[in-house]
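Participant: fold the following, please.
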Amino acid sequence: MSDGTLYIGNRRYSSWSLRGWLMVERAGLDVETIVIPMGPSGTPAIKSTSPNGLVPYLEHRGAKIWESLAIAEYCAEFCPALWPADQAARANARSIAAEMHAGFRALRQAMPMIIGRNIPGHGQNPESLADIARIETIWADTKTQFGAGGPFLFGDSFTAADAMFAPVVFRFVSYTPPLSAASLAYCQAVMTHPAIAKWADLAAKEPASWLLDKYEGIA
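Facilitator: Model (predicted):
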């Protein structure tokens with residue numbers, strides 16, 4: 001019997017579910033993952049399951065945790081390597097993870113995560129491109145300060161900060177906005193991580209009945 005349950009939405013679309021799942025996967029928590037398929041105009045089953053009516057939502061050994069950053073901190077109690085060991089690097093990782101959690105609304109709206117779709121050029125507007133420029137700056141500055149010697153933001157280890165930016169990488173793969181060589185290399189590293197590959201494979205296997213026109217109709 002598992003130690004709990006992680007509730008997520010469609011892997012194809014739910015960027016926040018991806019973040020929470022990556023934290024749980026990285027920490028090695030023994031939980032059952034339950035997908036609640038999202039509806040075209042809201043999902044009552046999600047609203048009735050989690051305290052804030054959203055996914056991801058984790059129940060583990062009597063604890064109830066919602067919001068991706070809270071799940072990250074909870075998982076880090078079991079896997080401290082989710083955050084960098086160095087204090088300054090750890091502070092930076094928490095800062096950029098929080099900025100990702102709270103910001104980049106223009107990018108989210110213009111380029112929703114649709115794993116498996118290839119829609120080059122879609123969603124590029126001044127606001128979304130400004131968000132992308134800020135993300136590239138975060139990646140470049142973090143790699144310069146803390147990520148030497150490894151492919152991820154803080155070096156060899158895939159941290160909670162990488163998990164927070166993973167849906168952005170999926171967006172960049174789908175929409176192919178102009179990116180620097182360094183950003184493209186980082187995207188490649190994330191996409192080849194085993195957990196990311198596992199998520200993409202599971203997303204590809206979701207039933208056709210779960211597809212949503214509001215995303216699939218984007219051309």
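
Participant: helices or strands up against the lengthiest helix in the chain?
Facilitator: Looking across the chain with DSSP state H, the single longest helix is helix 126-146. Counting contacts by 3 or more Cβ pairs under 8 Å, 6 or more residues apart in numbering; DSSP states H and E, helix 126-146 is packed against helix 87-102, helix 105-110, helix 160-175, helix 181-191. (Each C-beta comes from the backbone N, C-alpha and C, glycine too.)

Participant: so is the closest residue to S209 other than its chain neighbours in a helix, a strand, or just coil?
Facilitator: Of all residues not flanking S209 in the chain, P37 sits nearest, at 7.9 Å (Cβ to Cβ, 6 or more residues apart in numbering). Of the three states, P37 takes coil under DSSP: H, G, I helix; E, B strand; the rest coil.

Participant: number of nearby residues for P37?
Facilitator: Residues near P37, counting by other Cβ atoms under 10 Å, number 17.

Participant: distance of P177 relative to T159?
Facilitator: 24 Å (Cβ to Cβ, to the nearest Å).

Participant: quick one: contacts for the residue nearest to S174 when sequence neighbours are not counted?
Facilitator: In this structure, S174 finds its nearest non-sequential neighbour in R117, 5.1 Å apart by Cβ to Cβ, 6+ apart. Going by Cβ atoms under 8 Å, 6 or more residues apart in numbering, R117 touches S174, Y215, E216, I218.

Participant: surely R117 forms part of a strand?
Facilitator: No. Counting by three-state DSSP, R117 is located in no strand; its state is coil.

Participant: next, it: phi, psi?
Facilitator: Torsion angles at R117 (phi, psi; degrees, to the nearest 10) stand at phi -90, psi 150.

Participant: I appreciate the help and will end here.
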